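1. give me the fold of what follows.
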Amino acid sequence: MYSPRVSSSTSYRIRKTGVVTLGSSDDASSLRDPALVSLPPSMAASRGGKALHDKIASASANIASSMMSGDYQVLRSGVDANRSEVMDARLALASSLDRLGEHHVRQKEYDDAMDAFTEALHEKRSILSILFPSWCSLPAAMGATSENGHEEFAAQRDQAIDDIIHTLRNMGNVHSLRGEQDEAMRYYTEVTNLRATKTGNNNARHEQQGEDSSTLLSSIGNGAETEDTSTLMSEINEDMKALDDMFRSISFRSQQESTEMWPNPRKSTPLGSAAENSTSPRSKRRKGDQGDQRGFNSTSLESEPFRRTTTLGFPSSGNELSEALDLYRSVLQNHRGPSLEQHKERLNSLAVRVDLMRSGAKESGGRGSRVENLELALEIHQHVLSAQQEMKAAQEAGKALPEVSASIASTLIRMGSLYYKLGNRFEELRMYEEAKAIYTNTFGENHAFVAGARKNIGMVLAEKGEYIKAVEQFEKAKRIYLVVRGGDAMNRDVASAISCMGNVKNRLGELDEALQQYMEALDIYKAIQDKVTSADSKAVAIRDVTATLKVIGMVRAKMGDLDGAMGFFTEAMTLLRSPCVESSPIGREITASVLARMGSIFVKKGDLDQAMEHYREAYELTVQNRGTSNHQEVASILHYIGGIFHKKSEYDEAMNCYQEAIRIYHTTLGPGNPTAAGTLVMVGSIHYKRRNLDSAMMFYREALRLNRDAYGLHHPDVAPILKSIGTILTKKGEYKEAYEVFRDVLSIKCTIHGTGHPEVASAYKSLGNVHYKMGELADAERQYRHALTIYRRTRGEEHRDTVAAQTTIEHIRYWMRERGLKKMEERHSQSSRRVRPDEDERSC
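-> Below you'll find the model as predicted:
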């Protein structure tokens, strides 16, 4: 929650003209301003409203008494004094209401909080309209007052606007906490408009005054001030999306692709979900093609129960709830404990809640809360887990079957998948670690299920920025797969582990190593594609190959080889046009994704029209594939389309795309999901380009909050946002705050990359720029020398970064010499002034 500025002591002076219109001598009510006397009912009934009402009545009576005397000056003085007193009381009331609302928010009493904030907003707006009736037009409102009067008037008006902004932000935060993102965005937009109006008036005032802001040190550091990170954030957003696609495609099975987990030679008694115990014809065919051909039993690799599926499910379909209820019913069919009836009653109650939730979603046009669905699915899984643990405890005396333990671990994996969709990486990681421990105790270390759990753990660690630990998990998974496969490396599970390690290298910016591992995985996938014969297996193989080709193309693009990147994307598109893939939903999904990557190549080449054509084709294909425009994949493409308008400086069109993308993200993923952070940064970038620095800061901080909550501080997605915040602080002249932010950036980059990486050099440059702005030239030169040392070691002497750093150092040293000469001249001048009186005396 935004920390308020206590404004109860703030007092607005009443201007001396045009405040009161006198009526007849026998009609004192004509002096009473309706805006002052008319109070909200809740204010009159509580929170000191009665006292304020009595004070206003007393003021009116005093005015009436003075009116009868006919003494105009006494009358005016009384009006001014009483009105000022009333204004101070109303301002104090508004401040108290703000604090009361914030208390209600901390107690999660959101309705009471909104009542308090609404009343506070009413008071503040009334004060603003009475004191500054022409506040939207500063020059007109100021009239012919003096320059000092201009400043004082503007400061009072800005204080009033800031107080309104404070309450509006609180109201927006309440709506956000309640999951009402559209309403929250409405308040945030009003905040942005108010700040823009305030900034515009201030700019007009400064232009009238002919303010000269030039300084001795204005010739350096401008790059830090005007640096726009929108392109960087767009590429980061694109990269993370591609890596997420890769993680999903190489590791996890959707429900439709899962095979029977525990084939039972006896009569089937379900211990896991219905999907685990009922095999589709497609799964049976694939098992006939691939299963047991190397002597594997029921625990073949193809049956891993790992479901860290993407958040790209249909937003309102309720699939998670249906799967959870089916799983609960399936488990209870085999439950024989004394609590069975309680579980059945609970199941019926949960089923009713699910039906009510779906009915509510239909009535609202399918806008049911995605977060509520996922949280209810988690609650159902908790009861499933409880039932499974009761079954295991009942079998302890007679040695619990491994199937029971495995079903518990499978439920934990599913719960981890739900936490993934909620953006809670910490709980997700805990679920996977508990599942791995159960698999290890049940089957031993060298088992496919243990490898799959390790792969899940590695993915979460990679997303949290803990790359060394992530690579350790992937390497262990690869070793286990090789053991299980008898040393045969030509299988998709080994390739998936290799690709995961490539993803880590990709995130770290070690592109050569990433490319090497992707190519190794690609060779395996292509060998598998050549071997398989059935249509289903061929489709899976093509999916693996195209996903890898796409990420290789992305790495090539990051290395500057745009034509090479386009070659890999084109090869992927050729495979995706094959009949067994083109008509399938997953084929259309990957096709749209590759089209978006091709669009990004055209953006880098400067061909924005071709880029827009590819993005629009990807958009239409995704809407067709998903059956709705309210889907995360659609939001992602809208983000890219907004980027095209952004580059063309068509900011209104870009803003429309970004805001629609954010709305979809909030609707489908919930308000706390970090996926929206990249788009929030782009919105902030537009405000930055329009010089609305406070608005830009608001969006940057919200993006920072989302990423920090999801990943923690030391994560690569956090550093660029912090850098943008530091840039704005530098632009505003808040150098100490900017310096602390850039120190955090340096700490994050050192943690992720080590101390000798070019990204670390960039952080040193940012610190150097702040030192320069503060006039600390020696410290600025020292920071740039750190950057130069790194660039020389990693980039070479001829690289543009190295040359730029060297040039800046020479510039700083020039100014240091100039400053030294100036100080010597000043000392010489002072010495001359001390000597001259003696000379005069001697001459006399």
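
2. neighbours around Asp717, how many?
-> 25 (other Cβ atoms under 10 Å). Any C-beta I mention is one placed from the backbone N, CA and C, and that applies to glycine too.

3. hmm, it is touching Asp709, no?
-> No - look at Asp717 against Asp709 with Cβ atoms under 8 Å: they stay out of range, at 11.8 Å.

4. what do the two both touch?
-> Pro674 (Cβ atoms under 8 Å, 6 or more residues apart in numbering).

5. list the residues that contact Lys436.
-> Taking Cβ under 8 Å, 6+ apart as the test, what Lys436 contacts is 409, 450, 453-454, 457.

6. for Glu797, helix, strand, or coil?
-> Taken by DSSP: H, G, I helix; E, B strand; the rest coil, the conformation at Glu797 corresponds to coil.

7. now for it, how many residues are close by?
-> Glu797 sits with 9 neighbouring residues when counted by other Cβ under 10 Å.

8. likewise for Ala94?
-> 26.

9. quick one: it from Arg454, how far?
-> Distance of Ala94 to Arg454, given as Cβ to Cβ, to the nearest Å: 57 Å.

10. before we move on, what about Ala527?
-> According to Cβ to Cβ, Ala527 stands 24 Å off from Arg454.

11. neighbour count: the two, which is higher?
-> Neighbour tally, Ala527 and Arg454, criterion other Cβ under 10 Å: the higher count belongs to Arg454, 26 against 14.

12. helix or strand: which one has that one?
-> helix 448-463 (DSSP states H and E).

13. how about Tyr814?
-> Going by DSSP H and E, Tyr814 is in helix 800-843.

14. quick one: mean pLDDT for that helix?
-> Averaged over helix 800-843, pLDDT sits at 72.

15. try stretch 658-677
-> 87.

16. ok, His811 to Glu781 distance?
-> Distance of His811 to Glu781, computed by Cβ to Cβ: 10 Å.

17. brain fart, Glu190
-> 46 Å.

18. which of these two has more neighbours?
-> Set side by side, Glu190 and Glu781 show more neighbours around Glu781, with 20 against 16, by other Cβ under 10 Å.

19. quick check on Glu776: phi, psi?
-> Glu776 adopts backbone torsions of phi -90, psi 80, taken as degrees, to the nearest 10.

20. that one: what's it in contact with?
-> By Cβ under 8 Å, 6+ apart, the contact set of Glu776 is empty.

21. need the pLDDT of it.
-> 89.

22. same question, Gly48
-> Reported pLDDT at Gly48 in the predicted model: 46.

23. quick one: name whatever helix or strand follows the helix or strand harbouring Phe474.
-> Assigning secondary structure by DSSP H and E places Phe474 in helix 467-484. With elements assigned by DSSP H and E, the helix or strand that comes after helix 467-484 is helix 492-508.

24. and the angle from that following helix to helix 448-463?
-> For helix 492-508 against helix 448-463, the angle by axes from the mean of the first three to the mean of the last three Cα atoms, to 10 degrees is 10 degrees.

25. helices and strands around helix 492-508, which ones?
-> Other helices and strands packing on helix 492-508, by 3 or more Cβ pairs under 8 Å, 6 or more residues apart in numbering; DSSP states H and E, are helix 230-251, helix 448-463, helix 467-484, helix 511-531, helix 535-558.

26. and those, which is most packed in?
-> Among these, ranked by average contacts under mean count of other Cβ atoms under 10 Å, first place goes to helix 448-463 (a mean of 26).

27. and Cys792, what does it touch?
-> Actually, residue 792 is Arg rather than Cys. Thr802.

28. report the secondary structure state of it.
-> Strictly by three-state DSSP, Arg792 counts as helix.

29. likewise for Met655?
-> Quick answer, by three-state DSSP: Met655 is helix.

30. report pLDDT for the closest residue to it other than its chain neighbours.
-> Leaving aside its chain neighbours, Met655 sits nearest to Ile686 (5.8 Å; criterion: Cβ to Cβ, 6 or more residues apart in numbering). Looking at Ile686, its pLDDT stands at 92.

31. what count of nearby residues applies to Ile686?
-> Neighbour tally, Ile686, other Cβ under 10 Å: 22.

32. isn't it right next to His646, touching?
-> Yes - counting by Cβ under 8 Å, Ile686 does reach His646; the two are 6.9 Å apart.

33. my guess is Tyr739 meets Val770, correct?
-> Yes - using Cβ under 8 Å, Tyr739 is in contact with Val770, at 4.7 Å.

34. settle it for me: which of these two has more neighbours?
-> More crowded of Tyr739 and Val770, by other Cβ under 10 Å: Val770, with 26 against 21.

35. I figured the more buried one was touching Thr730, is that so?
-> Yes - look at Val770 against Thr730 with Cβ under 8 Å: they come within range, at 6.1 Å.

36. do you know how far the residue nearest to Met655 is from Leu422?
-> With Cβ to Cβ as the criterion, Ile686 and Leu422 are 29 Å apart.

37. so what's Leu508 closest to, chain neighbours aside?
-> Nearest residue to Leu508, sequence neighbours excluded (Cβ to Cβ, 6+ apart): Tyr467, at 5.9 Å.

38. for that neighbour, what are its contacts?
-> Tyr467 makes contacts with 461, 504, 507-508, 752, as judged by Cβ under 8 Å, 6+ apart.

39. now distance to Tyr615 and pLDDT too, for those, in JSON lines please.
-> What follows is those, written out as JSON lines (distance: Cβ to Cβ, whole Å; pLDDT from 0 to 100):
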{"residue": "Leu461", "distance to Tyr615": "33", "pLDDT": "90"}
{"residue": "Val504", "distance to Tyr615": "29", "pLDDT": "89"}
{"residue": "Arg507", "distance to Tyr615": "24", "pLDDT": "84"}
{"residue": "Leu508", "distance to Tyr615": "28", "pLDDT": "82"}
{"residue": "Ile752", "distance to Tyr615": "31", "pLDDT": "81"}
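
40. could these go into JSON lines alongside distance to His335?
-> Shown next, in JSON lines, are the contacts of Tyr467 (distance: Cβ to Cβ, whole Å):
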{"residue": "Leu461", "distance to His335": "36"}
{"residue": "Val504", "distance to His335": "42"}
{"residue": "Arg507", "distance to His335": "44"}
{"residue": "Leu508", "distance to His335": "48"}
{"residue": "Ile752", "distance to His335": "48"}
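
41. give me the buried subset of these.
-> Among the contacts of Tyr467, those that count as buried by neighbour count (16 or more other Cβ atoms under 10 Å) are 461, 504, 507-508, 752.

42. list just the nearest of those residues to Gly642.
-> Distance to Gly642, by Cβ to Cβ, is smallest for Arg507 among the buried ones among the contacts of Tyr467, at 24.3 Å.

43. wait, that closest one sits on Pro716?
-> Yes - the criterion here is Cβ under 8 Å, and Arg507 meets it with Pro716 at 6.3 Å.

44. where along this protein do the strands fall?
-> Assigned by DSSP state E, the chain shows no strands.

45. so where's it uncertain?
-> Residue ranges of the chain with pLDDT under 70: 1-71, 131-151, 153, 176, 179-186, 188-189, 192-318, 361-369, 396-400, 830-844.

46. neighbours of Arg106, how many?
-> Considering only other Cβ under 10 Å, Arg106 is surrounded by 10 other residues.

47. sounds good, over and out.
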